[in-house]
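>>> Take a look and give me a structure for this.
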Amino acid sequence: MNELKNNGGMNLTMLTDFYELTMANGYLQNGYGNTTCYFDMFFRKVPDNGGFAIMAGVEQLVDYLSNLRFTKEDIDYLASKNIFSKEFLEYLQNFCFSCDVWAIPEGTPIFPGEPVVTVRGPAIQAQFVETMVLLCINHQSLIATKTNRIVRAAQGRAVMEFGSRRAQGFDGAMYGARAAYIGGCAGTACTISDQLFGVPALGTMAHSWVQLFDTEYEAFKAYAKEYPNNCVLLVDTYNVLKSGVPNAIKVFNEVLVPQGFRPAGIRIDSGDITYLSRKARVMLDEAGFEDCKICASNSLDEYIIRDMLAQGAKVDSFGVGERLITSSSEPVFGGVYKLVAVEKEDGVVTPKIKISENVAKITTPGFKSVWRLFDRETDKAIADVITLHDEVIEDDKPYTIFDPEHVWKRKTVENFRAVPLMTQLFEDGKCSYTPRALGAIKAYCMAQVDTLWEEVTRFENPHTYYVDLSQRLWDEKNRMLSEKTY
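Predicted structure coming up:
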């Protein structure tokens, strides 16, 4: 995990909202600085009205929390504001991260309302990390979620992330490519993401290569000579069917075949790709290149890809750029970070709740765990259950789940597995996270998405996956709402 070193050695400790500093100073001055608090990150709505999201960004969060430190320059800057107490500045000089942190593993399908990250620690620290907890998880979860939609639309065909030049900043390109790989992409055009994270870097040529040579034929011939074992030619610079494909076939026969190579493919980046791919497929097949793949690119997303395939496009892989790397259809993952409990010196945990006239913004109080129930026969996910942290769901006997808003909707499940989802990343500020290979995270993601019913994964009007509260947690939340203890 060397992202910080490769980001110009930048210390990201000060990447925080200013109010986190003013509150931290206030906590210290009012005797709450070391009060143990519990904060949850959760989100309220799946982007694109989808049925689920994909958890991502955990490794970058771990890296940030592992490197928290205030430099002399940071302290001098804060002192120059003339609003922070001497005691607070001294506290920051001796700052040592000491929180406990739990998170749902990367690649896991996640749902609205359930904690995906929980931070327990001194109020100053737990509050201070809010911005980066949200930034790391919101961004990569957004891109992984969008990517997974696009990959599912491709129906088993490879999808490549091509969006670096349209990303929201260099870090958006780097981490976006990482998240896209978790979500199911085969690789990326972003070279540094291969160097840093091991996301396979892919790419061949741009139109400028073809334009630079006197003729399209010469451009193709030169490229084939340089890369005979992975020759993919961009055939739409001038005219796909009258020039591009015929010249590609000519070069395949003249350069590759005599050396014992087969063409890797052609790419079409403009025009009516569905029509052009069908015609190109016929031309390639008739020339004896049935194994030559056709790649499509040009402002694609899940809906365009789905329609292209439904209309008979002969496309073997897709390069998807701006609409993936920016999640342009809904470019915000609305994760929030809320106080849910305070622990007194005697160890008693007092739940806290935020109440709002907007029902969706009412929080679920307390220190909690998240469980996923799987049917033992089908291995499909039945529901998620949020419990108090000290509760255990015993899966050797029937368990009743119910809708937290419509409590008369109840179901007793049997023959199921109950799996706790959250894992501990830090204990007393010490990192306990074991990094996983990115390929393993991707494989895990694909396997976990397969545990969801098709009704949950469909694009339009997906079935609402059940996220229920345990009876004890529901009772506690209902009691606090009834007593208006806020």
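
>>> May I have the phi/psi pair for residue 232?
Residue 232 adopts backbone torsions of phi -120, psi 120, taken as degrees, to the nearest 10.

>>> what pairs with it across the strands?
Residues found in beta-bridge contact with residue 232 (criterion: DSSP bridges) are residue 265.

>>> Hmm, it is touching residue 295, no?
Yes: checked against Cβ atoms under 8 Å, the pair residue 232 and residue 295 is within contact range at 6.8 Å. In short, each C-beta sits where N, CA and C put it, glycine included.

>>> which neighbours do the two share?
In terms of Cβ atoms under 8 Å, 6 or more residues apart in numbering, residue 232 and residue 295 are both contacted by the residues 265-267.

>>> buried residues in the helix or strand containing residue 182?
Taking DSSP states H and E as the definition, one finds residue 182 inside helix 170-183. Of all the residues in helix 170-183, those buried under the rule 16 or more other Cβ atoms under 10 Å are 172-183.

>>> Which elements pack onto it?
helix 130-153, strand 158-161, strand 187-188, helix 191-197, helix 322-325, helix 438-449 (3 or more Cβ pairs under 8 Å, 6 or more residues apart in numbering; DSSP states H and E).

>>> Out of those, which is closest to residue 314?
Checking these against residue 314 by Cβ to Cβ gives strand 158-161 as the closest, at 14.7 Å.

>>> Residue 400 is nearest to which of the helices and strands packed on helix 170-183?
Minimum separation from residue 400 across the helices and strands packed on helix 170-183 (Cβ to Cβ) falls at helix 438-449, 25.0 Å.

>>> Can you point out the buried residues in the closest one?
438, 441-442, 444-445, 448-449.

>>> again, but for stretch 240-248
Neighbour-count burial for stretch 240-248, with 16+ other Cβ under 10 Å as criterion, is recorded at 240-241, 243-248.

>>> if we can go back for a sec, a markdown table for the buried residues of helix 170-183, including distance to residue 124 and pLDDT?
What follows is the buried residues of helix 170-183, written out as a markdown table (distance: Cβ to Cβ, whole Å; pLDDT from 0 to 100):
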| residue | distance to residue 124 | pLDDT |
| --- | --- | --- |
| 172 | 30 | 97 |
| 173 | 34 | 98 |
| 174 | 31 | 97 |
| 175 | 27 | 98 |
| 176 | 32 | 98 |
| 177 | 35 | 98 |
| 178 | 31 | 98 |
| 179 | 30 | 98 |
| 180 | 36 | 98 |
| 181 | 36 | 98 |
| 182 | 32 | 98 |
| 183 | 35 | 98 |
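
>>> re the thing from before, okay, the shared contacts of residue 232 and residue 295 in a markdown table with distance to residue 78 next?
Compiled in a markdown table, the shared contacts of residue 232 and residue 295 are given as follows (distance: Cβ to Cβ, whole Å):
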| residue | distance to residue 78 |
| --- | --- |
| 265 | 55 |
| 266 | 57 |
| 267 | 52 |
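
>>> Spit out the contact partners of the spatially most central residue of the chain.
Ranked by distance to the mean C-alpha position of the chain (Cα atoms, centre = their mean), the top residue is residue 141 at 2.4 Å. Going by Cβ under 8 Å, 6+ apart, residue 141 touches 43, 53-57, 110, 116, 179, 333, 335.

>>> Strands - which of these land there?
Mapping these onto strands (DSSP state E) picks out 43, 53-54, 110, 335.

>>> Highest neighbour count among those residues?
residue 54 (27 neighbours; other Cβ atoms under 10 Å).

>>> isn't it right up against residue 144?
Yes: counting by Cβ under 8 Å, residue 54 sits close enough to residue 144 to count as a contact (4.0 Å).

>>> Overlap of the contact sets of these two?
Counting by Cβ under 8 Å, 6+ apart, the residues touching both residue 54 and residue 144 are 107, 182-183, 445.

>>> For these, which two are the farthest from each other?
When the shared contacts of residue 54 and residue 144 are compared pair by pair using Cβ to Cβ, the two farthest from each other are 107 and 183, 8.7 Å apart.

>>> Following element in sequence after the helix or strand of the chain with the lowest mean pLDDT, please.
Here the helix or strand of the chain ranked lowest by mean pLDDT, DSSP states H and E is helix 3-6, holding a mean of 40. Secondary structure here is assigned by DSSP H and E; on that basis, the next helix or strand after helix 3-6 toward the C-terminus is helix 18-29.
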